[in-house]
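A.B. asks: mind folding the following:
(4 chains)
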Number of protein chains: 2
Amino acid sequence: MTLTDWFHDTKPQRPAEATDQDLLARAGVPMAFAKDEEIYGQGEPADRIYRVVSGVVRTSRFMPDGRRPIGAFYHAGEIFGVEQGDQHEMGAEALSNCVIQVLSRDAFAAAGREAELQKLVWEATLRDLEIAREHLALLVRKNARERVASFLLGLSEKARHELVDLAVGRQDMADYLGLTIETVSRMITQLQGAGIVEFPTYRQFRICNRHMLEGIAAG
Amino acid sequence: MTLTDWFHDTKPQRPAEATDQDLLARAGVPMAFAKDEEIYGQGEPADRIYRVVSGVVRTSRFMPDGRRPIGAFYHAGEIFGVEQGDQHEMGAEALSNCVIQVLSRDAFAAAGREAELQKLVWEATLRDLEIAREHLALLVRKNARERVASFLLGLSEKARHELVDLAVGRQDMADYLGLTIETVSRMITQLQGAGIVEFPTYRQFRICNRHMLEGIAAG
DNA sequence: CGTGGCTTTGAAACATTTCAATCATCGTGG
DNA sequence: CCACGATGATTGAAATGTTTCAAAGCCACG
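C.D. replies: As a prediction, this is how the structure comes out:
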C-alpha cells in the first residue's frame, strides 16, 4: 500500500499491523532495555524504528522551563520512534524492563521497502495526532476524578490481563493528567473506596465495576 | 517535492507557502463566508482544500456530551480542511466574515498534481500535530493568566497590525483555553490593569508591553 | 432610544494545590 | 531472615485558584 493508495482509501484508518510486523519481526533486532533506561534522546538522529515487544515506553520532551510534557505511552505491539524529521523531537525511555524490536531505516531502504517506511511514518503521525487530540479533550473538559478514571480505563484497554500493570509511578500519571501527585493519589483512593477499582499494589490494579468507571470517565 | 523527497529532507519543516499558494491561487475559487457560517460540517466529505484569504476560521468537533473541543484557529494565508480520511473529522466555521479560496481535490488530480496534494495533506497533518502539542503543553502546565497571555501572544504573531483582532468571543477563548468565560474576562482585566495589554473594544487589543506579556505566557 | 447578546464584576462555593507529616514497600546489608 | 533506610504513596489542613451563580454594565443593532 503506497501513500497514494492510503490517501484514497475510504475506510477509517487503523494502525495496520500485518506488514509492519512482517518486516520488523523478520529483520528487527530485539533489544532489552532496563527500567528507566533511555531508548533514545531528544535531538538524536531518528534513524530507527521501534516496536514494543514487552514492557511500556514513554516519549516526552523537556521544555526550557524544565517541565516535561508527555507525548504518549506505548505498550506491547505498538510502534514508536518514527518521526517526520530526521531527529527525534521527543526522547523515549523504558518505564519498565522492556524488550524492543529495532530496525534501522536504512534496512527498509536496503530491502526496497521505501513505500512501507513512508506508510509507517504516516501512520505514526496520524496516531500521534489522534492521541494528542484525545488527550486535549481530556485536559480541557475533565476534572481530576474523570481524568484518573479515563487513564485507568485507557490502560486497561491496552492490557492483556485483568490485573493491569500501571507501569508508571504517580508522578508520571500526574504529569500526564495535568494534576499533582497528591490529587491523583486522592482520586485513586476515592475510586477504590467506592469499590470501582482495586489496587493490590501501588503499581497494578483491577477494575471491579467497569460500567461505573466508564460513567465517571465520560464526565 | 514529492513526499519521498520531503521525508529525506534534513531541514526543519515549515508549512511551505510557495507551491501551495501557486496552485491554490491559480485554480482556487475565492468564496465569501459570512460570520458564523459553516464552511463544512463534521462528517461531510473532505474533497476540498481551503486557504484563508481574509478572516478567521475555527475547526471544532462536537462530542457526544455536547461540548466542543476546538482543533485550531486559521488566519490569513493558512490552509485547512485537508484531512487524512475522506470525511471531515471536525467541522469548520467562519468566525468573522471571510474570504476563502477553495480548490477541489479532483482539480489537483486533473492538473496532474497528485504529489503536491500529498504534500499538502502531509504538511497540514504535521502542523495540526504541532499545534495540538503546543496546546497540550499550555493546558497541562499553565494557569489561567498564563493561558490567556499565551493566547493573546499567539494571535499577535499571526496578526499583521499592531491592533490585533480577536475574532473570537470570550466563550470561544474560554473553550480553547479550558477555562470559563468569567475567568478569561478577569485575566484580561488583570492584564489590562497592569498596563500590559489594552483592549479598545471587546474584540481587539494591542500589546503595550510585549516583554512582560511573554514573561507571563512562559509561566 | 430600547432591547438583546455578550462582557464584566462580585461573592460564595468548590476543586485543586501546596506544604507537612505519616505510612507503605522494596531492596540492601547486617 | 530481619531490620533498616530510601523511595514513593497517602493523608491532612490550610491556602490558592477557578468556577458558579447572580447581578449589573456595555455595545451594537434595529
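
A.B. asks: thought A:Q204 was touching A:V164?
C.D. replies: Yes: using C-beta atoms under 8 Å, A:Q204 is in contact with A:V164, at 6.2 Å. (C-beta placed from N, C-alpha, C; glycine too.)

A.B. asks: who has more neighbours, these two?
C.D. replies: Between A:Q204 and A:V164, A:V164 has the larger neighbour count (other C-beta atoms under 10 Å in any protein chain shown), namely 20 against 15.

A.B. asks: nearest residue to that one in space, please, no chain neighbours.
C.D. replies: Once flanking residues are discounted, A:V164 sits nearest to A:S156: 5.0 Å by C-beta to C-beta, 6 or more residues apart in numbering or on different chains.

A.B. asks: so that neighbour is in which element?
C.D. replies: Assigned by DSSP states H and E, A:S156 falls within helix A:144-158.

A.B. asks: tell me how far that helix lies from the chain's centre.
C.D. replies: 13 Å (C-alpha atoms, centre = their mean, to the nearest Å).

A.B. asks: which strands and helices sit next to that helix?
C.D. replies: Contacts defined by 3 or more C-beta pairs under 8 Å, 6 or more residues apart in numbering or on different chains; DSSP states H and E place helix A:144-158 against helix A:114-141, strand A:164-165, helix A:170-177, helix A:181-193, strand A:204-207, helix A:210-218.

A.B. asks: quick check: buried residues in it?
C.D. replies: Neighbour counts using 16 or more other C-beta atoms under 10 Å in any protein chain shown place A:144-153, A:155-156, A:158 of helix A:144-158 among the buried residues.

A.B. asks: who touches that helix?
C.D. replies: For helix A:144-158, contacts defined as C-beta atoms under 8 Å, 6 or more residues apart in numbering or on different chains pick out A:75, A:138-139, A:142, A:164, A:166-167, A:173, A:176-179, A:183-184, A:186-188, A:190-191, A:196-197, A:205, A:207, A:210, A:213-214, A:216-219.

A.B. asks: give me the angle between it and helix A:114-141.
C.D. replies: Angle, helix A:144-158 to helix A:114-141, by axes from the mean of the first three to the mean of the last three C-alpha atoms, to 10 degrees: 150 degrees.

A.B. asks: by mean pLDDT, flag the weakest helix or strand of chain A.
C.D. replies: The weakest-scoring helix or strand in chain A, judged by mean pLDDT, DSSP states H and E, is helix A:3-8 (a mean of 38).

A.B. asks: re earlier: weed out the non-buried ones from the contacts of helix A:144-158.
C.D. replies: By neighbour count, with 16+ other C-beta under 10 Å, the contacts of helix A:144-158 hold A:75, A:138-139, A:142, A:164, A:166-167, A:173, A:176-179, A:183-184, A:187-188, A:190-191, A:196-197, A:205, A:207, A:213, A:216-217, A:219 as buried.

A.B. asks: how does chain A divide up, domain by domain?
C.D. replies: Listed domain ranges for chain A are A:3-139, A:142-218 (source: automatic domain parsing).

A.B. asks: does DNA strand C have contacts with the last one?
C.D. replies: Just to be clear, that refers to domain A:142-218. Yes: legend: contact between domain A:142-218 and DNA strand C by C-beta under 7 Å from any atom of the strand is shown at A:143-145, A:178-180, A:182-183, A:186, A:201-202.

A.B. asks: ok, which pair from those is furthest apart?
C.D. replies: A:N143 and A:T201 (26.3 Å; C-beta to C-beta).

A.B. asks: can you show me the CA trace of stretch A:143-160 as CSV?
C.D. replies: Output of stretch A:143-160 as CSV, limited to C-alpha atoms (Å, rounded to 0.1, in the frame of the first residue of the first chain):
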residue,chain,number,x,y,z
ASN,A,143,-11.9,17.2,36.3
ALA,A,144,-9.4,15.2,38.4
ARG,A,145,-11.7,12.2,39.1
GLU,A,146,-12.6,11.9,35.4
ARG,A,147,-9.1,12.2,34.3
VAL,A,148,-7.8,9.4,36.5
ALA,A,149,-10.8,7.2,35.6
SER,A,150,-10.1,7.8,31.9
PHE,A,151,-6.4,7.0,32.4
LEU,A,152,-7.1,3.7,34.1
LEU,A,153,-9.7,2.8,31.6
GLY,A,154,-7.3,3.5,28.8
LEU,A,155,-4.6,1.4,30.3
SER,A,156,-7.0,-1.5,30.8
GLU,A,157,-7.9,-1.5,27.2
LYS,A,158,-4.3,-1.9,26.2
ALA,A,159,-3.7,-4.5,28.8
ARG,A,160,-4.0,-8.2,28.3
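
A.B. asks: that one near DNA strand D at all?
C.D. replies: No: counting by C-beta under 7 Å from any atom of the strand, DNA strand D has no neighbours in stretch A:143-160; the shortest distance is 8.7 Å.

A.B. asks: quick one on the thing from earlier: columns mean pLDDT and distance to A:D106 on top of the helices and strands packed on helix A:144-158, output as JSON lines?
C.D. replies: Shown next, in JSON lines, are the helices and strands packed on helix A:144-158 (pLDDT from 0 to 100; distance: least, C-beta to C-beta, whole Å):
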{"stretch": "helix A:114-141", "mean pLDDT": "89", "distance to A:D106": "10"}
{"stretch": "strand A:164-165", "mean pLDDT": "92", "distance to A:D106": "34"}
{"stretch": "helix A:170-177", "mean pLDDT": "94", "distance to A:D106": "33"}
{"stretch": "helix A:181-193", "mean pLDDT": "97", "distance to A:D106": "42"}
{"stretch": "strand A:204-207", "mean pLDDT": "95", "distance to A:D106": "39"}
{"stretch": "helix A:210-218", "mean pLDDT": "96", "distance to A:D106": "43"}
